[in-house]
Each structure stands twice: as structure tokens, then as C-alpha cells.
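Student: When you get a sec, could you give me coordinates for this:
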Amino acid sequence: MKKYIAEFIATFILVFCAAGSATVNELSGQTITIVGLAIVSGLTVMTMIYSVGDISGAHLNPAVTIAFALNKNLSWKYVFPYILSQSLGGIAAAFLLKYLFPTSILLGSTMPWAGEMQSFIIEIITTFILMFVILRVATGSKEQGMFAGLAIGSVVIVAIIFTGPVSGGSMNPVRSIAPAIANNNYQHLWIYLTAPVIGASLAVIMYRYFKN
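Tutor: A predicted model of the protein is given here:
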């Protein structure tokens with residue numbers, strides 16, 4: 001249960017900070033900017049890795065959990081409880097944001113601002129990069145070393161800076177589905193449920209190629 005509670009809390013914090021900063025950015029006339037949003041998300045991921053990485057691995061992301069299972073770092077029996085914990089944490093954060101910012105239209109939702117197919121491909125590529133880095137700095141699905149969190153958080157920052165205006169820079173199904181549920185807007189959601197899983201799975205293939 002400690003693993004699942006850790007994933008719930010960490011994913012709650014991630015969605016609250018990432019979607020919350022996007023919501024404040026929306027309501028304040030883009031004062032935070034895309035660079036600020038990227039920094040918030042990247043630093044949140046980094047701090048969660050250092051906070052709960054030794055407990056649950058700090059996945060915070062169903063695509064990461066599935067990729068670890070494909071790479072045999074995680075037993076498949078843990079996949080559903082992990083994803084459920086992550087989803088519940090993210091949804092709880094999104095509904096809290098809805099309560100705090102009832103006038104928000106987007107509520108931090110990720111949207112394909114430049115077109116569905118373009119966003120779909122970009123989400124695959126950015127999640128591939130993210131998962132490849134995670135696999136290179138993690139062992140047994142537990143991030144290790146003082147620079148692991150820094151490396152992973154940096155990838156998140158860089159990816160969101162240039163993909164945020166295109167696809168929203170999700171790379172995480174829960175990051176997208178949580179505000180969609182709270183906002184009752186499921187348009188374009190298929191992109192963010194499928195592309196990160198595809199990208200993360202491709203990263204496992206490439207990682208195993210280099211490892212072998």
C-alpha cells in the first residue's frame with residue numbers, strides 16, 4: 001500500500017502543480033508563460049522523484065508504469081494498482097483546481113493547438129525521449145543517484161518549452177485525463193491516452209537494443 005499511496009500523493013502534486021500553473025496562466029493573461037509552465041512541471045517531477053523514488057519509483061505516469069512492466073523492471077500485477085493510484089491522485093487534484101478556479105475554461109487541459117496528427121506524433125516522440133532517459137538512469141523502476149531526478153526533470157522542462165504551444169506537452173495520460181474529467185471535456189483525449197504509451201513502449205525497444 002505504501003507504493004500506491006506514494007503514487008497517489010506524488011501524482012496529485014504533479015497534476016495540481018502542472019495543471020494548476022496552466023490554469024493560473026490562463027486566468028492571469030499568460031503571465032507565467034510557457035517557460036514558466038515547463039519549469040513548474042519539470043521541477044515538480046524532479047522533487048517527486050527525490051521524495052518518493054525510493055518507495056514507489058515515482059512513476060507518476062501510466063505510460064512509465066507500462067514501459068517498466070514491458071522492460072521487466074516491474075511485475076505486471078502492480079500495473080493496474082499503480083495506474084489506478086495515479087489516476088485517482090490526478091483526478092482529485094483536478095477537481096480541487098475546479099473548486100479553486102471555477103471561472104477557468106480549460107482548467108489546465110492539454111490541447112492539440114497545432115492539429116491532432118501533429119500533436120499525436122510530437123507526444124510520441126517526446127514521451128519516447130522522456131522514457132529513454134528514465135530507463136537509462138533508473139534500475140528496477142527506482143530512480144537512483146543524485147542526478148537522476150535532475151536528468152528526468154530537465155527532459156520534462158525542455159520538452160514542454162517547445163511542445164507546449166503545439167500539443168500541450170503532456171507526455172502523461174493522467175496529466176491530460178484528470179482535467180478532462182473535471183472539466184467534462186473529452187475532445188482530443190485519444191491523443192494523450194495513446195501517444196505517450198506508444199512513445200514509452202518504443203523507448204523500451206530502443207533501450208533493450210542498446211543494452212543487448
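
Student: Spatially central residue for the chain, please.
Tutor: Computing the C-alpha centroid of the chain and ranking residues by Cα atoms, centre = their mean puts Asn172 first, at 3.4 Å.

Student: ok, now which ones touch the residue nearest to that one when sequence neighbours are not counted?
Tutor: Ranked by Cβ to Cβ, 6 or more residues apart in numbering and with sequence neighbours excluded, the top spatial neighbour of Asn172 is Asn61, at 4.3 Å. Bear in mind the C-beta positions are built from the backbone N, C-alpha and C, glycine included. In this structure, Asn61 makes contact with 11, 86, 171-175, 196, judged by Cβ atoms under 8 Å, 6 or more residues apart in numbering.

Student: if I look at Asn61, how far off is Ala200?
Tutor: The span separating Asn61 from Ala200 equals 8 Å under the rule Cβ to Cβ, to the nearest Å.

Student: again with Pro165
Tutor: Spatial separation of Pro165 from Ala200 under the definition Cβ to Cβ is 23 Å.

Student: go on, Leu96?
Tutor: 27 Å.

Student: Compare those two (neighbour count), which wins?
Tutor: In this comparison of Leu96 against Ala200, neighbours counted by other Cβ atoms under 10 Å, the higher total goes to Ala200 at 29 against 16.

Student: Which helix or which strand is home to the more buried one?
Tutor: Under the assignment given by DSSP states H and E, the secondary-structure element containing Ala200 is helix 189-211.

Student: Pull out the buried positions in that helix.
Tutor: 189, 191-193, 195-197, 199-204, 207 (16 or more other Cβ atoms under 10 Å).

Student: which pair in those residues spans the largest distance?
Tutor: Leu189 and Tyr207 (27.9 Å; Cβ to Cβ).

Student: tell me the mean pLDDT over stretch 138-157?
Tutor: For stretch 138-157, the mean per-residue pLDDT is 76.

Student: my bad, stretch 178-188
Tutor: Confidence over stretch 178-188, taken as the mean pLDDT, stands at 94.

Student: Now do the buried residues in that stretch.
Tutor: Of the residues in stretch 178-188, those buried (16+ other Cβ under 10 Å) are 178-183, 188.

Student: next one: stretch 161-180
Tutor: Applying a neighbour-count criterion of 16+ other Cβ under 10 Å, the buried positions in stretch 161-180 are 161, 163-164, 166-180.

Student: and Ala18, how many neighbours does it have?
Tutor: Counted with other Cβ under 10 Å, the neighbours of Ala18 add up to 29.

Student: scratch that, Met46 is what I was asking about
Tutor: Applying other Cβ under 10 Å, we find 21 residues neighbouring Met46.

Student: Spit out the contact partners of the nearest residue to Leu135 once chain neighbours are set aside.
Tutor: When the adjacent residues along the chain are set aside, Leu135 lies closest to Tyr207, with 4.3 Å between them (Cβ to Cβ, 6+ apart). Residues counted as contacts of Tyr207 (Cβ under 8 Å, 6+ apart) are 71, 132, 135-136.
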